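[1] Fold the following.
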Amino acid sequence: MKVVVIGGTGLIGSKIVAKLGEHGHEAVPAAPNTGVNTITGEGLTEALAGADVVIDVSNSPVWEDAAVLEFFETSTRNLLAAEAAAGVGHHVALSVVGTELLLESGYFRAKLAQEKLIEGSSIPYSIVRATQFFEFVPSIADAATQDGTVRLAHVFFQPIAGDDVAQAVGRTAVGSPLNGKLEVAGPERYRMDDFFRHALAARNDDREVVTDANAVYFGVSPSEAALVPGGEPILGEARYDEWLGRAGS
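    Got it, this is the predicted structure:
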């Protein structure tokens, strides 16, 4: 099976390419640095020739409201049109758990717009929504830091290893289209402030974590369960402490 991975040289994309290759699929990484640009259309027709599945794990280079919306809408429209012309039978996109509950943020409004374009297209699709990645723990802590103190809300938090996200996306891609969404999350549920106290201590980071009911998460005031899945999500295998030990961070 030929699978084209848009954003295939990034954190999750490169993992997906490797995992699909290990299982005998022809996994093609497609990104601006491989000559494929979904904004301009450069290289897109050539990359999609003969593709059975397209996985989109690309991300906007900027998060300013208008720019991020333009990125996801333009990229997705171009990609879906190219897929229709190439006869691609399955479009898989990586999105974020709780997107519709985080619409104070222009980024999440853009992700929701992306999902709606996919749902409204003629291409059979699957949308995989994931929780926050273990790999992003340092950047989340940095974004929440004010005057050397990490301020976080006491809301639920269920992060997942990037490898487990890649595995879920890859398995979805080689299966039948869901024409719907599935959610993936880590195996352990925490309170966000408690998790970061533990995570920073494990990294020998001496910043104090303060519980703040008014703390924002990338500009959003998250509700109690906005950052965690509902229903019956697919759970990753890696626990944070085990992952951290293997990562050597």
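[2] and V150, what are its phi and psi?
    Per-residue torsions, V150: phi -90, psi 120 (degrees, to the nearest 10).
[3] show me where pLDDT drops low in this structure?
    Across the chain, the ranges flagged by pLDDT under 70 are 248-249.
[4] again, 50 this time
    Counting by pLDDT under 50, the chain contains low-confidence ranges at 249.
[5] Contacts only, for Q158.
    131, 185-186, 188-190, 227-229 (CB atoms under 8 Å, 6 or more residues apart in numbering). Every residue, glycine included, has its C-beta placed from N, CA and C.
[6] Which residue ranges of the protein form helices?
    Secondary structure of the chain by DSSP state H: the helices cover 11-22, 44-48, 65-86, 106-119, 137-143, 162-173, 192-202, 240-247.
[7] rewinding a little: which among the contacts of Q158 gets closest to T211?
    Taking CB to CB as the measure, T211 sits nearest to Y190 out of those, at 12.9 Å.
[8] how near is the closest one to D56?
    Distance, Y190 to D56, using CB to CB, to the nearest Å: 29 Å.
[9] Would you mind telling me which of the two has the busier surroundings?
    Shown here are Y190 and D56; by other CB atoms under 10 Å, D56 has more neighbours (29 against 19).
[10] Would you agree the more buried one is in contact with L94?
    Yes. Between D56 and L94 there is a contact under CB atoms under 8 Å: 7.0 Å.
[11] top of the contacts of Q158 by neighbour count?
    Neighbour-wise, the contacts of Q158 (other CB under 10 Å) top out at G186, 28 neighbours.
[12] Tell me which residues touch that residue, please.
    131, 134, 158-161, 164, 235-236, 238-240.
[13] Among those residues, name the buried ones.
    131, 134, 158-161, 164, 235-236, 238, 240 (16 or more other CB atoms under 10 Å).
[14] Could you pull out the buried residues of stretch 107-114?
    Buried-residue list, stretch 107-114, by 16+ other CB under 10 Å: 107-112, 114.
[15] quick revisit: make CSV from the contacts of G186 and add distance to E70 to it.
    Shown next, in CSV, are those (distance: CB to CB, whole Å):
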residue, distance to E70
T131, 26
F134, 30
Q158, 31
P159, 29
I160, 29
A161, 31
D164, 31
L235, 35
G236, 32
A238, 35
R239, 38
Y240, 35
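[16] From those residues, which land in strands?
    Of the contacts of G186, the ones assigned to strands by DSSP state E are L235.
[17] and which of the contacts of G186 is nearest to E100?
    Looking across the contacts of G186 and measuring by CB to CB, the closest to E100 is T131, at 14.8 Å.
[18] Can you give me the distance of the most far-flung residue of the chain relative to its centre to R207?
    Relative to the mean C-alpha coordinate of the chain, counting by CA atoms, centre = their mean, the farthest residue is D147 (29.3 Å). Using CB to CB, we find D147 at a distance of 10 Å from R207.
[19] Who are the contact partners of A85?
    Applying CB under 8 Å, 6+ apart, the residues near A85 are 45, 48.
[20] How about A66?
    G106.
[21] again with the one 5 residues further on
    Each residue near F71 by CB under 8 Å, 6+ apart is listed here: 39, 60-62, 110.
[22] now swap in A93 and tell me
    55-57, 76, 114-115, 118, 125-128.
[23] Give the bridge partners for the closest residue to it other than its chain neighbours, please.
    Taking CB to CB, 6 or more residues apart in numbering, and ignoring the residues beside it in sequence, A93 has D56 as its nearest neighbour in space, at 4.7 Å. When bridges are called by DSSP bridges, D56 pairs up with I6, A93.
[24] Quickly note the distance from D56 to E208.
    From D56 across to E208, the span is 39 Å (CB to CB).
[25] Same check on T74?
    The gap separating T74 from E208 is 42 Å, by CB to CB.
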